[in-house]
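# Compute the structure for the input listed below.
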Amino acid sequence: MKIAAAAALCASLLLVAFPDSSAAGASRHSIRVNPVSDGVFEVIPNTGNGYLFWCGAADYAQRSLRVSRNSMLHITRGLGRSETTGRRSAVQFTLDPDLAPAAPAGGYGSVNSLQSGDTMSVQEALGYCFIPFGRP
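Predicted coordinates for the structure are as follows:
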């Protein structure tokens, strides 16, 4: 009986410590990641900094999907309202190049452009996880 009570207490503490881990792919920096469809996932940070979208996508791809750092992230839908939560700012990504749209005319703009067709390696995007997010 004491073992069951201890197990229940531990489970409750884990739910309090990691509230989003059961509902969605939780990334570092309070970035939510939710599946949209087969091969497409949505990154929903608490703030709209472009670095956070790439960081969240890369962190989720590596930690949850277990892809290599050489894998490429592709934006399938640029910055817009979240399909999974209704929040104002979300970006949808894929690792499957067959699901990715063509690169934008004029090529890759910047980390903050977040346009459909933008692409970046998981390795490069993970580098954005270590930028002080209070700055542009």
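# Low-confidence ranges, this structure, go.
1-29, 48, 106-109, 132-136 (pLDDT under 70).
# so what strands line up beside the longest strand that it contains?
Using DSSP state E to define each element, the chain has its longest strand at strand 72-80. The pairing partners recorded for strand 72-80 under DSSP bridges are strand 90-94 (antiparallel), strand 119-121 (antiparallel).
# most tightly surrounded among these?
The highest mean neighbour count among these, using mean count of other CB atoms under 10 Å, belongs to strand 90-94: a mean of 26. C-beta: built from backbone N, CA, C; applies to glycine.
# Arg87 is in contact with Asn34, correct?
No: the criterion here is CB atoms under 8 Å, and Asn34 misses it with Arg87 at 10.5 Å.
# neighbouring contacts of stretch 113-123?
Contact with stretch 113-123 is made by 50, 53-54, 58, 61-62, 67-79, 91, 100-104, 108-109, as judged by CB atoms under 8 Å, 6 or more residues apart in numbering.
# Now do the contacts for the nearest residue to Ala57 once chain neighbours are set aside.
The shortest distance from Ala57 to any non-neighbouring residue, by CB to CB, 6 or more residues apart in numbering, is to Phe93 (4.5 Å). Residues in contact with Phe93 (CB under 8 Å, 6+ apart) are Val40, Phe41, Glu42, Val43, Ala57, Ala61, Leu73, His74, Ile75, Thr76.
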